[in-house]
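1. Below: sequence and its predicted model.
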Amino acid sequence: MVGRNLRHTLRSPDGMIMTVAVPVTILLMFVYVFGGAMNVGGGSYIDYVVPGILLMCAGFGSGGTAVAVALDMHSGIIDRFRTLAVSRSAVLTGHILESLLRNFLTTGLVVLLAVALGFRPTGDPLRWLGFVGMLALFVLALSWVAAALGLLAANPEAANGFMFIFMFLPYVSSAFVPVHTMPGWLRGFAEHQPITSINETMRGLLMGTPVGDQAPTAIAWCAGIGLAGYLAAGVLFRRKGRD
């Protein structure tokens, strides 16, 4: 199933191109248009903003899983799978693992471009390993949610729309500006939503700065979101099978 989904991605590269193009466009805009006006404590703004851009890249990439699942459900291929010796769990798991591989590829491309633009991470190899693990947890969690939304959607177009709320969460977090610069009524939400703790953990790992208690909070958020998505996807997939 993973190989099948990878072949579909290679045959339709427009989705992967958009997954890279949108975060890259946002990176260029924030660094070269807004970067000169940003005050992030005296450091380089590109070093500050890249972790948030990587989260957005993972969000856009995971959104493709919702479309792919919805397309499978409405194309009739699932009925074909049910006549074969194919485990039901393999259908969704194949989409999730393909999403993980695809997101690692696109995230790597964005990191290379960011380095070319002046991004200078200072984390040691152990911290880089932690960063990869944190990114994998985030992608897996979001991909399971995307799979559930793909099963819930009436068509692939609707599935794509369902994921937009996750694309905008980084804007109301510490991804692009420090949370303390936000109005008080917004600051509380920004401080306690999952993207902030995940972003602060990834930034600390990449830049070699203290992570503090953000890492356990980020892991807990990813585990909770992933579990909710996994359970919802399982229930919806079984229900669709009975229908």
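-> Cool, the structure landed.

2. Going C-terminal from the helix or strand where A116 lies, what's the next secondary structure element?
-> Counting by DSSP states H and E, the element that carries A116 is helix 88-117. Sequence order places helix 125-152 as the next helix or strand after helix 88-117, per DSSP H and E.

3. Leaving out the residues flanking it, which one is nearest to M207?
-> Distances taken as CB to CB, 6 or more residues apart in numbering place T122 nearest to M207, at 5.7 Å, with adjacent residues excluded. To be clear about C-beta, it is placed using only N, CA and C from the backbone, and glycine gets the same treatment.

4. From G76, how far out is the residue lying farthest from the centre of the chain?
-> Largest separation from the mean C-alpha position in the chain: T83, at 33.4 Å (CA atoms, centre = their mean). Look at T83 and G76: by CB to CB, to the nearest Å, they are 11 Å apart.

5. Over to F138?
-> F138 is 33 Å from G76, by CB to CB.

6. What about A218, how many residues nearby?
-> Neighbourhood size, A218 [other CB atoms under 10 Å]: 23.

7. ok, now which ones touch it?
-> 134, 137, 194, 197-198, 200-201 (CB atoms under 8 Å, 6 or more residues apart in numbering).

8. so, if you compare those residues, which one comes nearest to I219?
-> L137 (6.6 Å; CB to CB).

9. Can you read off the pLDDT for the closest one?
-> Per-residue pLDDT puts L137 at 95.

10. Excluding sequence neighbours, find me the nearest residue to A228.
-> According to CB to CB, 6+ apart, the nearest residue to A228 is V145 (7.3 Å).

11. Show the pLDDT at the one you found.
-> With respect to pLDDT, V145 has a value of 92.

12. My read is that it contacts L231, right?
-> No. V145 lies out of contact with L231 (CB atoms under 8 Å); the separation is 10.8 Å.

13. Pick out whichever of the two has more residues nearby.
-> Between V145 and L231, counting by other CB under 10 Å, V145 is the more crowded of the two (24 against 12).

14. Now do the contacts for the more buried one.
-> Applying CB under 8 Å, 6+ apart to V145 gives the contacts 62, 166, 225-226, 228-229, 232.

15. picking that back up, which one among the contacts of A218 gets closest to S89?
-> Closest to S89, out of all of these and judged by CB to CB, is L137, at 20.0 Å.

16. Might one say that the closest one is in contact with G226?
-> Yes. Judged on CB under 8 Å, L137 makes contact with G226 at a distance of 7.3 Å.
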